[in-house]
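# Please work out how this folds:
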Amino acid sequence: MKKYIKDLIVKEVEFPHELYVLLKLTDKEPLPDTRPGQFVEVKVEGSPKTFLRRPISINYVDREKNELWLLIKKVGEGTHRLAELKVNDRLNVVFPLGNGFSPVQKKGEKVLLVGGGVGMAPLLDYGKYLKDNGAEPVFLLGARSKSDLLEQDLFAAIAPVHVTTEDGSEGERGFVTQHSLLNKESFDRISVCGPKPMMVSVARYAKKANTPCEVSLENMMACGLGACLCCVEKTVKGNVCVCKEGPVFDMNDLTWEI
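So this is what the prediction gives:
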């Protein structure tokens, strides 16, 4: 897939949570094709300590409005600077990068999409793609508390949403792998993105249930092109760059102990 370097225009800025900012970006020309699960590398201006681009998952692509959404968690100086962007500012973006989630395998297939924290972000675009192409997505979202759940209304507009929170303030108390949904229903396959311990637990569940599972890794990806070797992951096929070979991998290709 062809890569682009573009100065995208900030069309809208939203703050769904005190730790997050949602940037809706656009361009004068139609945005390039992207696949759910891919990411962008953004250039952070005005931050002398931020030398490298920052990798951000594509949250959603609205073709009718010609918008690309980035849901960004404010962690360090670079992401805090991105949260200061205003409408009509420009953001230099390299995209689309990486290999995304699997395409629809068959009409009517039931796909469980599991997300935790900012790992929920790419599942919105993937869920919409699945629904539009004849699959039946189901969301299972996990967070520490109700206030940490993001874009629930957008997920619910696509497919059924099931929730766990560690404090029990929303949905079922506990972790995603403890949700009663997993004991009631079966799925054709599972896709998951979030903290590594959560993804390992989901992969372990999938293996026990004999269900295909793919995971989206969040290794630090400084260049997005496989040149800097920051994001190397050990796999059954040897060491690979997550930004180039991933970020989405079949769980069986990883060396996790599941």
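
# Kindly state the pLDDT recorded for residue 52?
For residue 52, the model assigns a pLDDT of 81.

# Could you pull up the contacting residues of it?
Shown in contact with residue 52 (C-beta atoms under 8 Å, 6 or more residues apart in numbering): 222, 223. Using the backbone N, CA and C atoms, a C-beta is placed for each residue, glycine as well.

# Let me see the ranges of the helices in the protein.
For the chain, helices defined by DSSP state H occupy the ranges 77-82, 121-132, 152-156, 181-184, 196-208, 242-245.

# Mind putting those helices into CSV with mean pLDDT, distance to residue 104 and mean neighbour count?
Below are those laid out as CSV (pLDDT from 0 to 100; distance: least, C-beta to C-beta, whole Å; neighbours: other C-beta atoms under 10 Å):
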stretch, mean pLDDT, distance to residue 104, mean neighbour count
helix 77-82, 93, 33, 18
helix 121-132, 98, 6, 24
helix 152-156, 97, 19, 15
helix 181-184, 95, 22, 13
helix 196-208, 96, 19, 19
helix 242-245, 93, 22, 22
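
# Which one of these lies nearest to residue 223?
helix 242-245 (7.0 Å; C-beta to C-beta).

# Now distance to residue 169 too, for the helices of the chain, in TSV please.
Below are these laid out as TSV (distance: least, C-beta to C-beta, whole Å):
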stretch	distance to residue 169
helix 77-82	26
helix 121-132	21
helix 152-156	13
helix 181-184	18
helix 196-208	18
helix 242-245	33
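
# Out of those, which gets nearest to residue 23?
Nearest to residue 23, of those and by C-beta to C-beta, is helix 77-82 at 7.1 Å.

# Pull the closest one out as PDB, backbone CA atoms only.
C-alpha atoms of helix 77-82 as PDB (Å, rounded to 0.1, in the frame of the first residue of the first chain):
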ATOM      1  CA  GLU A  77       5.600  16.000  26.300                       C
ATOM      2  CA  GLY A  78       4.900  15.000  22.700                       C
ATOM      3  CA  THR A  79       1.300  13.900  23.200                       C
ATOM      4  CA  HIS A  80       0.600  16.800  25.500                       C
ATOM      5  CA  ARG A  81       1.800  19.100  22.700                       C
ATOM      6  CA  LEU A  82      -0.600  17.300  20.300                       C
END
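
# Can you tell me what sits against that helix?
21, 23, 42, 44-47, 49-50, 54, 72-74, 91.

# give me that answer again for 6 Å
Residues from elsewhere that reach helix 77-82 (C-beta atoms under 6 Å, 6 or more residues apart in numbering): 44, 46, 47, 49, 50, 54, 72, 74.

# residues contacting the fifth one?
Neighbour list for residue 50: 44, 77, 78 [criterion: C-beta under 6 Å, 6+ apart].

# Can you report phi and psi for it?
The phi/psi pair for residue 50 (degrees, to the nearest 10) reads phi -110, psi 100.

# quick one: it from residue 27, how far?
Using C-beta to C-beta, to the nearest Å, we find residue 50 at a distance of 24 Å from residue 27.

# repeat for the third one
Between residue 47 and residue 27 the computed distance is 23 Å (C-beta to C-beta).

# okay, residue 163: pLDDT?
pLDDT, residue 163: 98.

# How many residues are close by it?
When neighbours are counted by other C-beta atoms under 10 Å, residue 163 registers 20.

# With adjacent residues omitted, what lies nearest to it?
Nearest non-adjacent residue to residue 163, counting by C-beta to C-beta, 6 or more residues apart in numbering: residue 171, 2.9 Å away.

# and if you look at residue 5?
residue 94 (5.2 Å).

# Measure how buried the nearest residue to residue 192 once chain neighbours are set aside is and give me the count.
Leaving out its chain neighbours, the residue that sits closest to residue 192 by C-beta to C-beta, 6+ apart is residue 114, at 4.1 Å. By other C-beta under 10 Å, the residues close to residue 114 number 30.

# what's the distance between residue 114 and residue 193?
Taking C-beta to C-beta, one finds residue 114 at 8 Å from residue 193.
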